[in-house]
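*Asks:* Fold the stuff below for me.
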Amino acid sequence: MAAAKGKLGTFFSKIIVWVEGLFSSKSTLPDTGPLLETSRKEIDGVLAVIEGKLPEDIHGVFYVSLPVGSINSGGLPFPEKTPDGKANPEYASPIMNGDGMVIKIDFNTPLAPKVKTRLMKTPCYYADEATKYGTEHHKLFGFHNMGITRMSLWLGARNELNTAVQPVKFKGQTHPSMLATYDVGRPYVVDADSLNLVTPIAPANQWITGQPAVVPWPFGIIQTTAHPIFDPVTKELFTINYSRSENTKTTQAQTLHHLRFNRESFKTKLEELAKSLVDHADDDHVKREIHTFFGDLNQHFEGNHYEEEDEPIGNVFTYLMRWDGNSPIQKWSLKDQHGEKLAIYECMHQTGFTQDYIILTDCAFKFSLDLLFDNPFPESKLIEQLLRRLSTTTMEAFTTTYIIHRADLRPEATEITAYRLDKPIPLETIHYSCNYANPSGIITLVGVHNAATCIAEWVRTFDRRATDKRPVDPQYYSLFAVGSMDISRIGKWKIDANKNMLLTDASVVLEEPGNYDKPNVGPNTWTTVLYTFRDILSSERNVSEIKQFWVTNGGTDDNVLTEFVYNLYKNYPHRKLTLETILRVTKRRLPFGITRVNVETMQLEDYYQCDDRVYVRGVHFISKNKPTPGVPPELDGYIVSPVQVGKLLPNKKWNFTSQFWIFDARDIAKGPICKLHNPEIKFAFTLHTAFAEVALPSQQGYKISARQDYDPMIASIKIKKDQELLQDFFEKNVYPHFE
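*Replies:* Next comes the predicted model:
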């Protein structure tokens, strides 16, 4: 009887929570804000249904990863002024440069889904908090947005964990934890229920850093993949530690040294050079002058000079790392079949796997070390213009691909072969997935090809629109400059792993511009980036064959196709649409949408078109809790999307509401069957999504404490005074948050 009363009390308490959340949400609608408005507020609440009906057979837990600005900014957008009224050097920083937040939506709760948001609070997060603008430590230790990354000249680079979440369930565990990931930082295990960080993947001193060796940072730049591999069958996690192929580390070391010791005079000298070069028509002349400037850099300063140490310059390395979740990580150095070290020219944002193979690719996302240093003086737009001109190049219009045989991953080995394919995939690629089945050594890779779309560029304050040469709308500052310079493609590629051959004759490429001159564009592949299918990133099961595939369509927008990007890609080698067509369609503003692709036939079969200023920011397949008789499993479920919904105000400005939409996966054309909202959740640009059947406290037993992680890094610093200074800082500002 007492147990029954307890259950009854719990039931009524859930009703009260649901009703409070429902009326709280409805009473504040419409809850709108500017295009980039994003909240850092951590909340525990519920989502209210504002349209349609929540499906009774939806279940599980949905996760969204997103960047939410800096410790100083209080969210997004980055403010133009600091609290004391000065020009804010973070203003118009790229949206990608922000602390990571994870949103968790639990559909397993009765009446209304529970929602939780948490910041990914790594040790470097607390170091950033302790040195934020206005604190005593800011001048010496403070972190600054330097282009696409956030750095402290004494502490190192932030691991912002803002890119992806992924479920993992290691041997001996009955339910999953999550991973939070970033391209330039170690993945962390995250408690799937509380969203608290549990442990990094391997101690910091087991990763090789990408910054110049003469820079003694406790928070080193670790180049890895934002999409590691977890195989639910073998219960192994695979990730990468690599350096980008380059020979610029002397320049980087010089830059960091003079930023530390001669910052103001360095800025003055570089700004003087920028004034004379920024409008110069001859690129070769500009590059020669910059080369001479950095070659003679010591001569510009009377103060602390840079002395090059006997450290290897341009060191190239790539390691494959395997972790079983219960013991120390294993790693292997990678060389190709010709004995050459793997040289990554762009980045390794995505990795893939099948039953017998691991797939590595040089991805079309310039999240690389040269870009990490492309804006050492963010307050100077003149220097920023010059350095962007010098450091930015087009992405490679192909994808170099390597195959590793999983049978070669013997614990006693230290080096293994990554077989380079006889030819690259002939289109640029950021994201892809593979069939788990690889019959007779034939790999099927399904890739999204962002043709002439530069994900690493962002809209700057001095940018102009390619369509009419007018300044970009300031609401778009910081957003990805993803104006498409050609139609995106979807490819289904066949690879013979026995012969290291790309089977182009057996592969299929799909591109569809749709009816771009008509109100109803129809199924299309404009600006495709994110996609989903049943059991994508599952910790429970692999997908033997990908049969259905939902992809976001990003449309066109003249505020994200800048003159700079237009000039960068006007000579794109795989062009399908003329430049005149690109400009005309961009000016028209094609709408966002979702398209379903039948991967078996490589045909577009279903499509939902959004209204103007409605932005689908992601898609994820969630299966039903019970199978529907007669419906193929790959179609039997729902598509859940974070969506920004625009509303035109009387003052002719657009404001936006953050919502979550649910579609019937079999019929997305009929539109969302349910729309959910919580007024405290505000996002501008979400990134990757994930799903788990339950969210319970982490069972992760093997953990690395913050002290275990960073004491060895601090102890390795050669200068005793610096070592003591950093040890004291960590003891007071970092370790107490983890003990």
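
*Asks:* and stretch 545-559, which residues are buried?
*Replies:* Residues 546-559 are the ones in stretch 545-559 that count as buried (16 or more other C-beta atoms under 10 Å). (Each C-beta comes from the backbone N, C-alpha and C, glycine too.)

*Asks:* cool, stretch 341-358 as well?
*Replies:* For stretch 341-358, by 16+ other C-beta under 10 Å, it's 341-344, 346-358.

*Asks:* now do stretch 484-499
*Replies:* Applying 16+ other C-beta under 10 Å to stretch 484-499 flags 484-497 as buried.

*Asks:* Buried ones in stretch 135-142, by neighbour count?
*Replies:* Under the neighbour-count criterion of 16+ other C-beta under 10 Å, stretch 135-142 has 137-138, 141-142 buried.

*Asks:* Name the residues that touch it?
*Replies:* Contact with stretch 135-142 is made by 127, 130-133, 152, 154-155, 729, 733, as judged by C-beta atoms under 8 Å, 6 or more residues apart in numbering.

*Asks:* And the furthest pair within the residues you listed?
*Replies:* Taking C-beta to C-beta as the measure, the contacts of stretch 135-142 span a maximum distance of 17.3 Å, between Y133 and F729.

*Asks:* N205: what secondary structure?
*Replies:* helix (DSSP: H, G, I helix; E, B strand; the rest coil).

*Asks:* Would you quantify the distance from it to N108?
*Replies:* According to C-beta to C-beta, to the nearest Å, N205 stands 40 Å off from N108.

*Asks:* hang on, K675 packs against I50?
*Replies:* Yes: K675 lies in contact with I50 (C-beta atoms under 8 Å); the separation is 5.2 Å.

*Asks:* Need the residues touching each of those two.
*Replies:* Contact criterion C-beta under 8 Å, 6+ apart; residues shared by K675 and I50: Q659.

*Asks:* any chance of the buried residues of stretch 484-499 in a markdown table, plus secondary structure, pLDDT and distance to N159?
*Replies:* Converted to a markdown table, those look like this (DSSP: H, G, I helix; E, B strand; the rest coil; pLDDT from 0 to 100; distance: C-beta to C-beta, whole Å):
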| residue | secondary structure | pLDDT | distance to N159 |
| --- | --- | --- | --- |
| S484 | coil | 90 | 31 |
| M485 | coil | 95 | 32 |
| D486 | coil | 97 | 34 |
| I487 | coil | 97 | 36 |
| S488 | coil | 97 | 30 |
| R489 | strand | 97 | 33 |
| I490 | strand | 98 | 32 |
| G491 | strand | 98 | 32 |
| K492 | strand | 98 | 35 |
| W493 | strand | 98 | 32 |
| K494 | strand | 98 | 37 |
| I495 | strand | 98 | 33 |
| D496 | strand | 98 | 38 |
| A497 | coil | 98 | 34 |
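
*Asks:* Same list (the residues you listed) but as TSV, adding distance to W526.
*Replies:* Shown next, in TSV, are the buried residues of stretch 484-499 (distance: C-beta to C-beta, whole Å):
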residue	distance to W526
S484	6
M485	12
D486	10
I487	7
S488	7
R489	11
I490	12
G491	16
K492	19
W493	21
K494	26
I495	27
D496	32
A497	33
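
*Asks:* for those, which one is nearest H258?
*Replies:* When those are compared for distance to H258 (C-beta to C-beta), M485 wins out at 36.6 Å.

*Asks:* Make sure L390 is indeed in a helix.
*Replies:* Yes: under three-state DSSP, L390 falls within a helix.

*Asks:* For it, which residues are in contact?
*Replies:* 286-287, 290.

*Asks:* Repeat that for S433.
*Replies:* S433 touches 352, 445-446, 533, 536, 543, 546, counting by C-beta under 8 Å, 6+ apart.

*Asks:* now those: which count as buried?
*Replies:* Among these, the ones that count as buried by 16+ other C-beta under 10 Å are 352, 445-446, 533, 536, 543, 546.

*Asks:* Just send these back as a markdown table, with pLDDT too.
*Replies:* Shown next, in a markdown table, are the buried ones among the contacts of S433 (pLDDT from 0 to 100):
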| residue | pLDDT |
| --- | --- |
| G352 | 98 |
| L445 | 98 |
| V446 | 98 |
| F533 | 98 |
| I536 | 98 |
| V543 | 98 |
| I546 | 98 |
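
*Asks:* K381: which of these is nearest?
*Replies:* G352 (39.8 Å).

*Asks:* Now do the SS call for the closest one.
*Replies:* Quick answer, by three-state DSSP: G352 is strand.

*Asks:* Please enumerate the strands of the stretch 51-200 of the chain.
*Replies:* Applying DSSP state E, counting those that start in this stretch to the stretch 51-200 of the chain gives strands spanning 61-67, 100-106, 114-119, 143-146, 149-152, 156-157, 164-168, 177-182, 185-190, 197-200.

*Asks:* so which of those comes closest to H227?
*Replies:* Checking these against H227 by C-beta to C-beta gives strand 164-168 as the closest, at 6.1 Å.

*Asks:* What pairs with that closest one, parallel or antiparallel?
*Replies:* Partner strands and pairing direction for strand 164-168 (DSSP bridges) are strand 177-182 (antiparallel).

*Asks:* Show which residues not belonging to the strand it pairs with make contact with it.
*Replies:* 63, 65, 100, 102, 120, 159-169, 187-192, 195, 197-198, 201, 224-228, 230, 237, 690, 692, 698-700.

*Asks:* For ChimeraX, write the select line for the buried members of the residues you listed.
*Replies:* Of the contacts of strand 177-182, the buried ones can be selected in ChimeraX as follows, counting by 16+ other C-beta under 10 Å:
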select :63,65,100,102,120,159,160,161,162,163,164,165,166,167,168,169,187,188,189,190,191,192,195,197,198,201,224,225,226,227,228,230,237,690,692,698,699,700
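
*Asks:* Serialize the strands of the stretch 51-200 of the chain to a markdown table and add fields for mean pLDDT.
*Replies:* Listed next are these as a markdown table, based on pLDDT from 0 to 100:
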| stretch | mean pLDDT |
| --- | --- |
| strand 61-67 | 98 |
| strand 100-106 | 98 |
| strand 114-119 | 98 |
| strand 143-146 | 92 |
| strand 149-152 | 91 |
| strand 156-157 | 94 |
| strand 164-168 | 97 |
| strand 177-182 | 98 |
| strand 185-190 | 97 |
| strand 197-200 | 98 |
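
*Asks:* C-alpha coordinates for stretch 650-665, PDB please?
*Replies:* Provided in PDB are the C-alpha atoms of stretch 650-665 (Å, rounded to 0.1, in the frame of the first residue of the first chain):
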ATOM      1  CA  PRO A 650       6.300  45.200 -37.300                       C
ATOM      2  CA  ASN A 651       9.600  47.000 -37.600                       C
ATOM      3  CA  LYS A 652      10.500  44.800 -40.600                       C
ATOM      4  CA  LYS A 653      13.100  42.900 -38.600                       C
ATOM      5  CA  TRP A 654      13.300  39.100 -38.300                       C
ATOM      6  CA  ASN A 655      13.400  37.500 -34.800                       C
ATOM      7  CA  PHE A 656      13.700  33.800 -34.100                       C
ATOM      8  CA  THR A 657      12.300  31.100 -31.800                       C
ATOM      9  CA  SER A 658      14.200  27.900 -31.000                       C
ATOM     10  CA  GLN A 659      12.000  24.800 -31.400                       C
ATOM     11  CA  PHE A 660      12.200  21.000 -31.900                       C
ATOM     12  CA  TRP A 661      10.200  19.500 -34.700                       C
ATOM     13  CA  ILE A 662       9.200  15.900 -35.100                       C
ATOM     14  CA  PHE A 663       8.500  14.400 -38.600                       C
ATOM     15  CA  ASP A 664       7.100  11.100 -39.600                       C
ATOM     16  CA  ALA A 665      10.100   9.500 -41.300                       C
END
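
*Asks:* If anything else comes up later, I'll come back, but that's it for now.
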